[in-house]
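J.: test case, fold it:
(one chain, ligands or ions: 2)
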Amino acid sequence: MAPIVAITNLKDHVGEEVTLQGWVYHKTGKGKLVFLQMRDGTGICQAVVFKGNVSEAEFEAATALTQESSLIVTGLVKAEARAPGIPGGYEVDVRTVQVRQIADAYPISPKEHGIEFLMQNRHLWLRSSRQWATMRVRAVIMQAIREWLDGNGFLNVDTPIITPAAAEGTSTLFEIDYHGEPAYLAQTGQLYNEADIFAFGKVYCFGPTFRAEKSKTRRHLQEFWMVEPEIAFCDLEQLMEIEEQFVSHIVQRCLRDCAAELKVLERDLTHLQKVAPPFPRLHYDDAVNMINAAAQKGELVPGYPDPVPPIEWGDDFGSPHETYLAAQFEKPVLVHHYPTQVKAFYMEPEADRPEVCRSVDLLAPEGYGEIIGGSERMSDPEKLIASIQAHQLPQEIYQWYVDLRRYGSVVHSGFGLGLERTVMWVCGLDHVRETIAFPRTLTNMRP
Ligand code: 4AD
Ligand code: MG
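T.: Ligands and ions are numbered 1, 2, ... in the order given. Below you'll find the model as predicted:
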């Protein structure tokens, strides 16, 4: 039998006979010809079955194929500029057809389906070309993340998922029963990362995190993946430099390796192509002034029906604020020095101005909002104890975390990049639910 070849590699086999294993994406034909759009998980190509080239039984079998039927064909690879497919441009002139299964009437067709129906059929919807492209970009982003961190001296040390306490606020905890003791699914690996840097210098964890978010927005999942680098002897300014290098690497790697996928997604690449260091920096104070000036003029927020809402100094940004701010810049923008009161207990306050903290959020262009949250961490044990108390967190449980400040404390910083939000931005999607194979949203955990 001819060698099994992936559709994505057909370009290397022009003029050769190959075997393709896959499924029928679409079928047309007339008379002596059957045109199959065949997909194999790596791409889609046209396979042409001409009656004169196969046995009578095989031609009949090809004629009877339905959408999503599984099959194995052999055939001759031809370069054909007009041949549709992903990446397209190659066609297989079929010589043998083996049908594995004739699929039942498939519920998903190219016509429009409601989102509820598609989510209920997520196990099938994943086969559709936009979903396929998105998951492939996600995998490349994961590779790019590891590639950059591994290549820049970070050690991957993973952190526990079952934890005894909150790290990012108590309102979004998923509680579980740990043999009679309450425990929680991790909202972040950060606190453990902080222990790890004193052993390894620069570390990262990368895995699923959980937040019982009561908000039903386009950007929130209950279970999402976060990569969290943490760095010893690193202050806020150095952290921002790391973030812009890291994010630029991810985006450039996608542009290099995901051209076919981004084309399927009809992604406008103009903004992505500009993602390179340095990124603009914006102090929270200046951001508030920009927002309020725009609100006074009645400026509209791109993509929103209403003008920019005013903001009071000290409040956190809402989505329209983030969208408005990000729209003022061509590249992602680093917003730093948020009010201490809206941020987590562990962030280092600014020495001569403790009402703001040494935090930074990265906002993506085009309305994709916050991709990264990070900060310099409190490094003084007494200040940290006071903050734990002020936030009414259980002292005993954080004893070990305070310990880190007793044995060789140093300035240190880190951040968390949300994988799904990054995929949403790179792919140009309207909703985060399409960025993970089986999303967990406020209203849905099935299938
Ligand atoms: O800003 P957050 O809450 O930061 C932390 O958890 C820090 N402990 C990270 C650190 O410094 N090590 O979350 C970080 C990022 C957000 O910017 C966002 O991209 C993503 O995680 N994120 C979510 N993504 C999807 N659904 C949710 N519910 C998310 N919550 C946060
Ligand atoms: Mg945040």
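
J.: is the helix or strand harbouring Ser413 up against ligand 1 anywhere?
T.: Using DSSP states H and E, Ser413 sits within strand 412-418. Yes - shown here: strand 412-418 in contact with ligand 1 (Cβ under 6 Å from any ligand atom) through Gly414, Phe415, Gly416, Gly418. Every C-beta, even on glycine, is put in place using the N, C-alpha and C of the backbone.

J.: ranges for the helices of this structure?
T.: Under the criterion DSSP state H, the chain contains helices at 56-64, 115-120, 122-125, 129-151, 190-200, 236-257, 259-264, 270-273, 284-297, 319-327, 381-390, 399-403, 419-427.

J.: in TSV: the residues of strand 412-418 next to ligand 1, plus neighbour count.
T.: Listed next are those as TSV, based on neighbours: other Cβ atoms under 10 Å:
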residue	neighbour count
Gly414	26
Phe415	26
Gly416	23
Gly418	24
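
J.: among the residues you listed, which two are most distant?
T.: Gly414 and Gly418 (14.3 Å; Cβ to Cβ).

J.: residues in this protein within reach of ligand 1, list them.
T.: So the chain meets ligand 1 at 168, 188, 190, 211, 213, 220-221, 224, 226, 228, 370-374, 414-416, 418, 420-421, 432 (Cβ under 6 Å from any ligand atom).

J.: out of those, which are buried?
T.: 168, 188, 190, 211, 213, 220-221, 224, 226, 228, 370-374, 414-416, 418, 420-421, 432 (16 or more other Cβ atoms under 10 Å).

J.: number of residues surrounding Asn444?
T.: 15 (other Cβ atoms under 10 Å).

J.: hmm, I was thinking of Glu382
T.: With other Cβ under 10 Å as criterion, Glu382 counts 10.

J.: that one and ligand 1: what is the separation?
T.: Here the criterion is Cβ to the nearest ligand atom, to the nearest Å. By it, Glu382 lies 22 Å from ligand 1.

J.: from Ala62, how far off is that residue?
T.: For Glu382, the distance to Ala62 (Cβ to Cβ, to the nearest Å) stands at 77 Å.

J.: what sits against the spatially closest residue to Arg39 that is not a sequence neighbour?
T.: Leaving aside its chain neighbours, Arg39 sits nearest to Tyr25 (4.6 Å; criterion: Cβ to Cβ, 6 or more residues apart in numbering). By Cβ atoms under 8 Å, 6 or more residues apart in numbering, the contact set of Tyr25 is Gln37, Met38, Arg39, Ile44, Gln67, Ser129.

J.: also Pro229?
T.: So Pro229 contacts Leu149, Phe154, Lys202, Val203, Tyr204, Ile242, Phe246, Gly414, Phe415 (Cβ under 8 Å, 6+ apart).

J.: kindly report the same for Val333.
T.: By Cβ under 8 Å, 6+ apart, the contact list for Val333 reads Phe279, Pro280, Arg281, Leu282, Leu325, Ala326, Leu362, Leu363, Pro365.

J.: do the same with Ala195
T.: Contacts of Ala195 by Cβ under 8 Å, 6+ apart are Trp400, Tyr401, Leu404.

J.: out of those residues, which end up buried?
T.: Going by neighbour count (16+ other Cβ under 10 Å), the contacts of Ala195 have Tyr401, Leu404 buried.

J.: any idea which of the contacts of Ala195 is closest to Thr134?
T.: Using Cβ to Cβ, Tyr401 comes nearest to Thr134 of the contacts of Ala195, at 37.2 Å.

J.: mind checking pLDDT for the residue nearest to Arg211 when sequence neighbours are not counted?
T.: Nearest residue to Arg211, sequence neighbours excluded (Cβ to Cβ, 6+ apart): Thr172, at 4.1 Å. If you check Thr172, the pLDDT there is 92.

J.: with the one 5 residues further on instead?
T.: Residue-level confidence at Asp177 comes out at 97, pLDDT.

J.: how about the contacts made by the residue nearest to it when sequence neighbours are not counted?
T.: Leaving aside its chain neighbours, Asp177 sits nearest to Ala183 (7.5 Å; criterion: Cβ to Cβ, 6+ apart). Residues near Ala183 by Cβ under 8 Å, 6+ apart: Ile162, Thr163, Pro164, Glu175, Ile176, Asp177.

J.: ok, back up a step: got a list of what the residue nearest to Arg211 touches?
T.: Thr172 is in contact with Gln187, Arg211, Ala212, Glu213, Lys214, counting by Cβ under 8 Å, 6+ apart.

J.: how much space separates it from Phe224?
T.: Counting by Cβ to Cβ - Thr172 and Phe224 are separated by 12 Å.

J.: what residues do those two have in common as contacts?
T.: Arg211.

J.: what is the burial count for Phe233?
T.: Other residues close to Phe233 by other Cβ under 10 Å number 12.

J.: er, Ala62 actually
T.: So Ala62, with other Cβ under 10 Å, has 27 neighbours.

J.: tell me if I'm right that it and Thr96 touch.
T.: No - Ala62 lies out of contact with Thr96 (Cβ atoms under 8 Å); the separation is 10.4 Å.

J.: per-residue confidence at Lys216?
T.: Looking at Lys216, the pLDDT reads 84.

J.: re earlier: make JSON lines from the contacts of Val333 and add distance to Pro107 to it.
T.: Shown next, in JSON lines, are the contacts of Val333 (distance: Cβ to Cβ, whole Å):
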{"residue": "Phe279", "distance to Pro107": "44"}
{"residue": "Pro280", "distance to Pro107": "47"}
{"residue": "Arg281", "distance to Pro107": "50"}
{"residue": "Leu282", "distance to Pro107": "47"}
{"residue": "Leu325", "distance to Pro107": "42"}
{"residue": "Ala326", "distance to Pro107": "38"}
{"residue": "Leu362", "distance to Pro107": "40"}
{"residue": "Leu363", "distance to Pro107": "39"}
{"residue": "Pro365", "distance to Pro107": "37"}
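
J.: sweet, I'm off.
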